[in-house]
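Asker: need coordinates for the following:
(one chain, ligands or ions: 2)
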Amino acid sequence: MIDRPVFHPPAALLQIAERLEGAGCQAWAVGGAIRDAILGLPRADWDLATDARPEEVRQLFRRTVPLGLDHGTVGVPGEDGSMYEVTTFRLDVETDGRHAVVEFATDIEDDLARRDFTINAIAWRPTTEDLRDPYQGIEDLKAGVLRAVGEPAGRFEEDYLRVLRAFRFAGAYDLTIEPETESALRSAVAHLGRLSAERVREELLKVLSAEAPSRSLQMYADYGALDGWYQEIAAAASGHGWDQALGAIDALNSRRKFLRVVRVLLCAGGDEEEELAERAETLLRRLKFSNLDIRRGTHLVTHYRPLVHPADGSASIREWLHTVGTDFSRDLFRLHFAAARAAGSDDSQRALVYTWRRVHEELVEGSPVSVAQLAVDGTDLLAQGLPKGPLVGLMLDELLAQVIDAPERNEREVLLESVRELIELGGLDGLDGGPEE
Ligand code: ATP
Ligand code: MG
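Answerer: Ligands and ions are numbered 1, 2, ... in the order given. This is a model prediction of the structure:
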């Protein structure tokens, strides 16, 4: 016999539930919040399921936000400043493996029947303390078992995202997958290609926001779920770098989801070093990451190596900062720190701390490492008689190289003198117009 769980929902959620119940509707806490509460895990977001239709919910509260009215979800701001999701009971009437046509239902049991796993199909009604667990999800939770609600193969066919969700939940809570669910999973993996890129991407980001995503990612690999969407890294999963990669992902702070994505991307390296960035970009595009993320991701992957070395002089450090960009330097170190922590190497960590301190000093010093930080700009060069065109950029690059070597030279007069000398010497001749060497 399992003890009856005790729930401690936020006061703001109780208020919303009472309001719904006061209007003659049912309000049930469901899903992740109930699951986590039973496990004794802290939980910020609590969701409610109700028999009230979305229009009714919107009328009952002063302020609401339509979060997905076709799915029956209304956001209700709580007194504590959080947004609570109130979703009308649903019944799937038709599914095609990627989205469902839903109909509203009037019974919590119908709503629980369409949920994916037993551990996610538990409902608790705060006002009456009524608990519904028609599929023995509590027992599964306590036994550490992931089991589909109903007939597993059919449930995955309805929505293949559940395959990836299975890896996420099994990984996050270290669950054993019940045999029938497991064999259905194995067959369903081949159909992941039918999902939309957006759902696959959001699911990855959820996996990566877990404390330690490695177990889930290992399941992606073991079940062959990397083959389609993540084909660039599928081969890496059988190589020796994989364990290091997983360790490094776990070692990165869970709030830095995108850096964890970048660490995944670093597994995309083929035999040729240059291919890495290209393959990483292809993967990010396939998953429809934003253009900004694609730029950040490929840039970080490209410059992951070489990192500055503890023995490097300050000019080399500034040169490195110029190459990778100051904004990215910290992230590159975070990636390397994670790798060193995962490898358990004290020496590497000490060397990194030392090197980072040196880099940080340069950053604080504010020595110029980009053309924009020079004491002169293109207009100044034109005023010195330099013709408009590519020479201006080349001259600025030359000045920056000088300043990276000797930051004290970043004075307007010093640089202009250098410009005049270079013009007189014809130091940039031959670069004018024609193809560069
Ligand atoms: P978390 O928020 O911690 O990621 P969660 O369980 O709340 O986990 P959500 O994706 O927020 O997960 O979904 C809330 C609930 O809705 C789930 O617990 C589950 O009952 C149900 N659910 C979500 N997605 C699906 C799906 N694709 N198929 C069936 N039920 C689902
Ligand atoms: Mg949730």
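
Asker: helix, strand, or coil at the nearest residue to residue 52 once chain neighbours are set aside?
Answerer: Nearest non-adjacent residue to residue 52, counting by C-beta to C-beta, 6 or more residues apart in numbering: residue 25, 4.0 Å away. C-beta: built from backbone N, CA, C; applies to glycine. What DSSP: H, G, I helix; E, B strand; the rest coil gives for residue 25 is coil.

Asker: same check, this time on residue 227
Answerer: coil.

Asker: low-confidence bits of the stretch 51-200 of the chain, can you list those?
Answerer: Scanning the stretch 51-200 of the chain for pLDDT under 70 picks out the ranges 93-95, 100.

Asker: next to ligand 1, which bits of it? Give me the list.
Answerer: 115-116, 120-121, 159, 161-162 (C-beta under 6 Å from any ligand atom).

Asker: can you tell me the helix or strand for residue 168?
Answerer: Assessed by DSSP states H and E, residue 168 sits inside helix 161-172.

Asker: and the residue nearest to residue 52, what's its pLDDT?
Answerer: As predicted, residue 25 sits at a pLDDT of 98.

Asker: state the distance from it to residue 203.
Answerer: Distance of residue 25 to residue 203, computed by C-beta to C-beta, to the nearest Å: 32 Å.

Asker: then residue 186?
Answerer: Relative to residue 203, residue 186 is positioned 18 Å away (C-beta to C-beta).

Asker: more crowded one of these two?
Answerer: Just comparing residue 186 and residue 203: by other C-beta atoms under 10 Å the higher neighbour count belongs to residue 203, 19 against 14.

Asker: which SSE is the more buried one in?
Answerer: Assigned by DSSP H and E, residue 203 belongs to helix 197-208.

Asker: which other residues reach that helix?
Answerer: Applying C-beta atoms under 8 Å, 6 or more residues apart in numbering, the contact partners of helix 197-208 are 98, 161, 164-165, 167-168, 171, 192, 213, 216-217, 229, 249, 254, 257, 260-261, 264, 286-289.

Asker: any chance you could map the helices in the stretch 201-350 of the chain?
Answerer: 214-222, 231-234, 241-251, 257-265, 275-286, 291-303, 314-324, 326-343, 346-365 (DSSP state H, counting those that start in this stretch).

Asker: between helix 257-265 and the first one, find me the angle.
Answerer: The one in question is helix 214-222. Between helix 214-222 and helix 257-265, the angle comes out at 40 degrees (axes from the mean of the first three to the mean of the last three C-alpha atoms, to 10 degrees).

Asker: now for helix 214-222, which elements pack on it?
Answerer: Secondary-structure packing of helix 214-222 (3 or more C-beta pairs under 8 Å, 6 or more residues apart in numbering; DSSP states H and E): helix 161-172, helix 241-251.

Asker: check which helices and strands the shortest one sits against.
Answerer: Contact partners of helix 241-251 among helices and strands, from 3+ C-beta pairs under 8 Å, 6+ apart: helix 214-222, helix 257-265, helix 326-343.

Asker: ok now the second one, how far from the chain's centre?
Answerer: Taking C-alpha atoms, centre = their mean, to the nearest Å, one finds helix 257-265 lying 7 Å from the centre of the chain it belongs to.

Asker: now that helix against helix 326-343, angle please.
Answerer: Using the same axes, to 10 degrees: helix 257-265 against helix 326-343 is 60 degrees.

Asker: skipping its backbone neighbours, what lies nearest residue 377 in space?
Answerer: Once flanking residues are discounted, residue 377 sits nearest to residue 396: 7.7 Å by C-beta to C-beta, 6+ apart.
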